[in-house]
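Q: dropping a prediction and its sequence here:
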2 protein chains.
Amino acid sequence: MPDTRLDSLRAALPGLRLLTDPAELEHYGRDWTRRWTPAPLAIALPDSVEDVQAIVRWANANGVAIVPSGGRTGLSGGAVAADGELVVSLERMNKVLGFDAVDRTLTVQAGIPLQLAQEAARERGLQYPVDFAARGSCSIGGNIATNAGGIRVVRYGNTREWIVGLKLVTGGGELLELGRALVKNSSGYDLRHLAIASEGTLGIVVEATLRLADPPPPTNVMLLALPSFEALMRVFAAFRSRLQLQAFEFLTDVALRHVLAHGAQAPFDEVHPFYVVTEFASDEASEAEALAAFEQCVNDGLVSDGVISASEAQAAQLWRLREGITESLAKYVPYKNDVSVRVSAMPAFLAETQALLGREYPQFEVVWFGHIGDGNLHINILKPDAVAQADFVADCERVTKLLAEVLQRHGGSISAEHGIGLVKKPYLWCTRSAAEIAAMRGIKAALDPNGIMNPGKLFDA
Amino acid sequence: MPDTRLDSLRAALPGLRLLTDPAELEHYGRDWTRRWTPAPLAIALPDSVEDVQAIVRWANANGVAIVPSGGRTGLSGGAVAADGELVVSLERMNKVLGFDAVDRTLTVQAGIPLQLAQEAARERGLQYPVDFAARGSCSIGGNIATNAGGIRVVRYGNTREWIVGLKLVTGGGELLELGRALVKNSSGYDLRHLAIASEGTLGIVVEATLRLADPPPPTNVMLLALPSFEALMRVFAAFRSRLQLQAFEFLTDVALRHVLAHGAQAPFDEVHPFYVVTEFASDEASEAEALAAFEQCVNDGLVSDGVISASEAQAAQLWRLREGITESLAKYVPYKNDVSVRVSAMPAFLAETQALLGREYPQFEVVWFGHIGDGNLHINILKPDAVAQADFVADCERVTKLLAEVLQRHGGSISAEHGIGLVKKPYLWCTRSAAEIAAMRGIKAALDPNGIMNPGKLFDA
């Protein structure tokens, strides 16, 4: 039954594309978590900043909650609309608006997919270095909403470092033009940084100016086989001390087996418990340092085997072993943890977490991988066919509470790069104090006085 | 007459060092602006986070305003206490608390002078790369309060990029532990970035964890003589395209003459209207590129003369020409503008500003210099002896209003790196919209509900 409130929205914005078909509501109402039943009021697809502002003003006047929507590749439920919200999808606002060769910036509408922004930078002889497997589907606006990380953080940092300007339509309907691509600007609170990682709870990011970098050097990819978890951080230290690493990722044999079952090619004849994918410049000096690090690690018993890419095709093949994991697990509807600690805290945290999960998950398959060079670990728990989804999630939540206690002891984060959304809201306490959460609530009230922006995400009002 | 309110502070914190001597009140109540008459209630010198919290709780209970105080080298009046405030000086909280070789972080109390933090990093084989002339007196807490920039921003960015954790005692008296040195942490609003550049209006930064970098390479310093303002950005482009610049600073002949009168040595036999000090790695390849850039600029008529340092002593001598400016001008009690635009906007902005200042300041000497590679220009107007201070400031404020209009048209900032404080508060509108300022007010209310933290700075309540 169409909601009569939409009549006033249609009247206010006759040109606005508005979807209410049940299939569309389902499509736009969910993200990659698949845990909530989509139930949005409608889907709005504005094509201008003015339309976004008008929608927000209408939502305030009519008490309708808004869920900002990008590529909906999120893994924390931040873009889920399960409670009669108006989904405001930025997918039609997906254009490159400008490029400045002197400032080395690319200005884009927030709905542009990451990959298109990367390509636009490449066409101009530069790079936008944030990168991860969902690049084709996720949007820059969503990347900003979660301060997305990915596989290049060890070299280039998170999304935050690359956003020099953004336009935000606040929950109050104001258009704020933040940062404005200035290298230096000490003129009060940096609301741009406040918008980054706010998960759509303060407003809708409608435009962004991305800082670009020199193109990456030609690189080599190396796959290492490790005999133990304990070796992992020592191998990282050995490589990091000799090389500027472009990436340093790890996966377990369990993860590798899923990717191989999904069609990838086995890298070694033998099976090893742990693997690392690392990438570095392919100049002579870097290759020599990489081989020296490799030999040192073999001699120290930290690495059992290794292979280095001899071509771009082989590099892509090795990367597929790491990047294909999430896709290979999708059919198991995994429960995901995305946690981080300081790199220095990683050895103790890994040992404690390995013991915890071994003890608590005897019944489930647990797949470990992650951006270990950033202290970021992904833990995927696979649902066996025989177990009901609700029971499975309940059991995983019980263990996540225990994991949160470990994280709190080690000063870690319950969300390294996926955001809090709905999934991790019950565990925010382990990373942010009650006083911090209270401050966040107060800040939200300042920018979104009627609480219409993505309510219930991140924290409860 | 000692305020009786202090009795309750003394009773609450018997061990707290508290100064009320008029000479101390004057010393701690002013910063480098020298425009306001110091009139604090008293000076508190806590030596622990707990004491800072207790002071803030007392201030809330007694309705006393607090001015957080570092090295008071600020140029915008942010640390001025001219209205019966309690100055909370961090100068006794000046210790290095920890170093982590794996995370490459240095944790310090906020009162530590920048230079001591730099030295602590150097002793550990690393560098803290934020740097500027006030290094010996300014404090890390003050650097954070203004997101201090300086002479290395073109290579390393502002203070913000190097603060991976900080502890903030909010105006409400809560101790927030922000960032916690995590490389990845997407768990809600980044209050660390909110505290940076907040000029003590949200709370008192009591500790900071600094990210450290590899030590800088051995460098050469080059001084260039330029025939015109128009050449400046083209010379920057020529050098930047060939070299990783460690610094790129400019000054006018007027500025140079003041430094020479202050005892520095003339670099060239002839007088040139503009000069650039630039620094780059001294390896063979960089030197060759620098010389090629130099020759290209000479051939294009952009550079008239140049000298390259042949020793560390000579490098220091060349740097003195730039770094000695502020000191050489101090006796003139200059009125200071510290503005920025995007680097791409610099040529048009420079032309317009030069015309404006030539037209409006026929009666005053105007000294230009700055971090031109960051789009940051310092304009110092010198007070003639014969003009009364109040008349001089009034005339400069009239022109600053015109300059603010130019800045607004070019999307620039009225404060690149000094902060807004009291000095630039009347011009904040040219950089931040009314909606942004309203959002800032709301955010302040969330963290400092009674408005006791540095009231009247940045914006009026």
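A: Nice, thanks for sending it over.

Q: tell me where the stretch 251-400 of chain A has helices.
A: Taking DSSP state H, counting those that start in this stretch, the helices of the stretch 251-400 of chain A run over residues A:253-261, A:284-299, A:312-323, A:325-329, A:346-360, A:389-409.

Q: which elements pack onto the very next helix or strand once past the longest one?
A: Heading C-terminal from helix A:389-409, the first helix or strand you meet, by DSSP states H and E, is helix A:434-447. Identification of packing neighbours for helix A:434-447 by 3 or more Cβ pairs under 8 Å, 6 or more residues apart in numbering or on different chains; DSSP states H and E yields strand B:175-178, helix B:191-195, helix B:434-447. Quick note: C-beta positions are derived from backbone N, CA and C, even for glycine.

Q: quick one: buried residues of helix A:434-447?
A: A:435-447 (16 or more other Cβ atoms under 10 Å in any protein chain shown).

Q: tell me the pLDDT of A:F229.
A: You'll see A:F229 listed with a pLDDT of 89.

Q: give me the number of residues near whatever residue of the stretch 251-400 of chain A ends up closest to chain B?
A: Nearest to chain B, among the residues of the stretch 251-400 of chain A, is A:S344, at 3.8 Å (Cβ to the nearest Cβ). A count of nearby residues for A:S344, using other Cβ atoms under 10 Å in any protein chain shown, gives 17.

Q: so where's chain A uncertain?
A: Where chain A drops to pLDDT under 70, the residues are A:1-3.

Q: domains in it, by residue range?
A: Following automatic domain parsing, one finds the domains of chain A at A:1-214+A:431-461, A:219-326, A:333-421.

Q: for the residue of the stretch 1-150 of chain A found nearest chain B, give me its contacts.
A: Nearest residue of the stretch 1-150 of chain A to chain B: A:V102, at 3.9 Å (Cβ to the nearest Cβ). By Cβ atoms under 8 Å, 6 or more residues apart in numbering or on different chains, A:V102 lies in contact with B:237, B:342-344.

Q: helix or strand: which one has it?
A: Using DSSP H and E, A:V102 falls within no helix or strand.

Q: which of the domains of chain A is buried the deepest?
A: Mean neighbour count (mean count of other Cβ atoms under 10 Å in any protein chain shown) peaks for domain A:1-214+A:431-461 among the domains of chain A, with a mean of 21.

Q: can you list the residues of the stretch 301-450 of chain A near chain B?
A: Taking Cβ under 8 Å from any Cβ of the partner chain as the contact definition, the stretch 301-450 of chain A meets chain B at A:340-344, A:371, A:374-376, A:411-420, A:424, A:428, A:431-433, A:435-443, A:445-447.

Q: enumerate every residue touching A:I452.
A: For A:I452, the contact set (Cβ under 8 Å, 6+ apart) comprises A:56, A:59-60, A:63-66, A:171.

Q: which ones among those map onto strands?
A: Mapping these onto strands (DSSP state E) picks out A:I66.

Q: can you add distance to chain B and give the contacts of A:I452 back as a markdown table?
A: Formatted as a markdown table, the entries for the contacts of A:I452 read as follows, by distance: Cβ to the nearest Cβ, whole Å:
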| residue | distance to chain B |
| --- | --- |
| A:V56 | 13 |
| A:A59 | 18 |
| A:N60 | 14 |
| A:G63 | 21 |
| A:V64 | 22 |
| A:A65 | 19 |
| A:I66 | 18 |
| A:G171 | 11 |
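
Q: let me know the closest of the contacts of A:I452 to A:A316.
A: Closest approach to A:A316 among these (Cβ to Cβ): A:I66, at 39.8 Å.

Q: surely the closest one and A:V52 touch.
A: No - A:I66 sits out of contact with A:V52 when judged by Cβ atoms under 8 Å, with a separation of 9.6 Å.

Q: overlap in contacts of the two?
A: With Cβ under 8 Å, 6+ apart as the test, A:I66 and A:V52 both reach A:88, A:204.

Q: wait, isn't A:N220 in contact with A:S311?
A: No - look at A:N220 against A:S311 with Cβ under 8 Å: they stay out of range, at 10.1 Å.

Q: contacting residues around the closest residue to A:G142 other than its chain neighbours?
A: Spatial nearest neighbour of A:G142, chain neighbours left out: A:G70 (3.2 Å); criterion: Cβ to Cβ, 6 or more residues apart in numbering or on different chains. With contacts defined as Cβ under 8 Å, 6+ apart, the neighbours of A:G70 are A:79, A:89-91, A:110-111, A:138-143, A:145.

Q: what does A:G70 show for phi and psi?
A: phi -110, psi -110 (degrees, to the nearest 10).

Q: that older thread, among the contacts of A:V102, which one lies nearest to chain A?
A: Using Cβ to the nearest Cβ, the contacts of A:V102 come closest to chain A at B:S344, 3.9 Å.

Q: from what I can see the closest one touches A:D100, true?
A: Yes - under the criterion of Cβ under 8 Å, B:S344 makes contact with A:D100 at 5.1 Å.

Q: who's A:L176 bridged to?
A: Note on A:L176: beta-bridge partners by DSSP bridges are A:L168.

Q: relative to B:S433, how far out is it?
A: Using Cβ to Cβ, to the nearest Å, one obtains 7 Å as the distance from A:L176 to B:S433.

Q: now A:G172
A: Distance of A:G172 to B:S433, given as Cβ to Cβ: 13 Å.

Q: do the same with A:L224
A: A:L224 sits at a distance of 52 Å from B:S433 (criterion: Cβ to Cβ).

Q: what does A:W58 give?
A: As judged by Cβ to Cβ, A:W58 and B:S433 stand 22 Å apart.

Q: please apply the same query to A:F392.
A: Remark: distance between A:F392 and B:S433 (Cβ to Cβ) = 49 Å.

Q: now narrow the contacts of A:V102 to whatever sits close to chain A.
A: Among those, the residues lying close to chain A (Cβ under 8 Å from any Cβ) are B:237, B:342-344.

Q: what's the farthest-apart pair in these?
A: Largest separation among these by Cβ to Cβ: B:A237 and B:R342, giving 13.9 Å.
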